[in-house]
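[1] Below are the sequence and a predicted model for it; my questions follow.
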Amino acid sequence: GENVEQHPSTLSVQEGDSAVIKCTYSDSASNYFPWYKQELGKRPQLIIDIRSNVGEKKDQRIAVTLNKTAKHFSLHITETQPEDSAVYFCAASILSGGSYIPTFGRGTSLIVHP
Amino acid sequence: GAGVSQTPSNKVTEKGKYVELRCDPISGHTALYWYRQSLGQGPEFLIYFQGTGAADDSGLPNDRFFAVRPEGSVSTLKIQRTERGDSAVYLCASSLGGREDTQYFGPGTRLTVL
């Protein structure tokens, strides 16, 4: 099955700095890659996603890049703010039964210091 | 509108007991997913329903776990002969269905097996 590695496990930055979270996956059949933000005690929320036919996608301060050949994808957050502090999960998804089924990474705890 | 809801929010049970966890998806969402999230880990896929049928149950860890969605809306995850290792947050998500749709997560049920 799919295996997703996510690094770093913890990332501490100063407000205004950039943050980068990296993930690798093992199954070349994965072709949908969502990123979720989970605040403490809250539900995961989708913040951005990318599909295999696209190399990069940007939404305001958040961007994702995908390298299918190397099987890795990254989340970039610019101009970080304290409210960006949360756990971020990457996922690599394979089409099964008509839907994309995600395998999640172990998460990155992002701490933004004011 | 109302999001995905799950009941109960917390469930404490004794080893060997039977438990049922309920998920109410967003109205009109045909796809429903169950995940398990252990402390410090990403969500782990258990089962996916498209309508009333389980389209992919490859994530169910063993035959103690079973899920139903008899009318294509509410779903119940059933765990027999609970073990301490079953302790986790059980998350439910729903989507409109099909390949392109975002999964919206519920708040989860925290299951503790003593």
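    That came through, no problem.

[2] now the residue located most distally from the centre of chain A, nearest residue through space, not along the chain?
    Most distant residue from the mean C-alpha position of chain A: A:Gly97, 24.0 Å away (Cα atoms, centre = their mean). Nearest residue to A:Gly97 in three dimensions, chain neighbours excluded: B:Ala55, at 3.1 Å (Cβ to Cβ, 6 or more residues apart in numbering or on different chains). No exception for glycine: its C-beta is placed from N, CA and C like everyone else's.

[3] tell me the SS of the closest residue to B:Glu44 other than its chain neighbours?
    Closest residue in space to B:Glu44, ignoring its immediate chain neighbours: B:Arg36 at 5.0 Å, by Cβ to Cβ, 6+ apart. Following DSSP: H, G, I helix; E, B strand; the rest coil, the label given to B:Arg36 is strand.

[4] now B:Arg36, which residues is it bridged with?
    Taking DSSP bridges, one obtains B:Glu44, B:Tyr90 as the residues bridged to B:Arg36.

[5] Name the single longest strand found in chain A.
    Of all the elements of type strand in chain A, the one with the most residues (DSSP state E) is strand A:86-96.

[6] quick one: is it near chain B?
    Yes: counting by Cβ under 8 Å from any Cβ of the partner chain, chain B has neighbours in strand A:86-96: A:Phe89, A:Ala91, A:Leu95, A:Ser96.

[7] Turn the residues you listed into CSV, columns for pLDDT and neighbour count.
    As requested, the residues of strand A:86-96 next to chain B are exported to CSV (pLDDT from 0 to 100; neighbours: other Cβ atoms under 10 Å in any protein chain shown):
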residue, pLDDT, neighbour count
A:Phe89, 97, 27
A:Ala91, 96, 29
A:Leu95, 88, 13
A:Ser96, 86, 14
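
[8] returning to that earlier point: which helix or which strand is home to the residue nearest to A:Gly97?
    Assessed by DSSP states H and E, B:Ala55 sits inside strand B:53-56.

[9] So for the following helix or strand past that strand, what gets flagged as buried?
    Where DSSP H and E defines the elements, the next helix or strand beyond strand B:53-56 is strand B:65-68. Using 16 or more other Cβ atoms under 10 Å in any protein chain shown as the test for burial, strand B:65-68 gives B:Phe65, B:Ala67.

[10] Please apply the same query to stretch A:8-23.
    By 16+ other Cβ under 10 Å, the buried positions in stretch A:8-23 come out as A:Leu11, A:Val13, A:Ala19, A:Val20, A:Ile21, A:Lys22, A:Cys23.

[11] how about the residues of chain B that lie near chain A?
    When proximity is defined by Cβ under 8 Å from any Cβ, chain B lies next to chain A at B:4, B:31, B:33, B:40-45, B:48, B:50, B:55-56, B:58-59, B:91, B:95, B:97-99, B:102-108.
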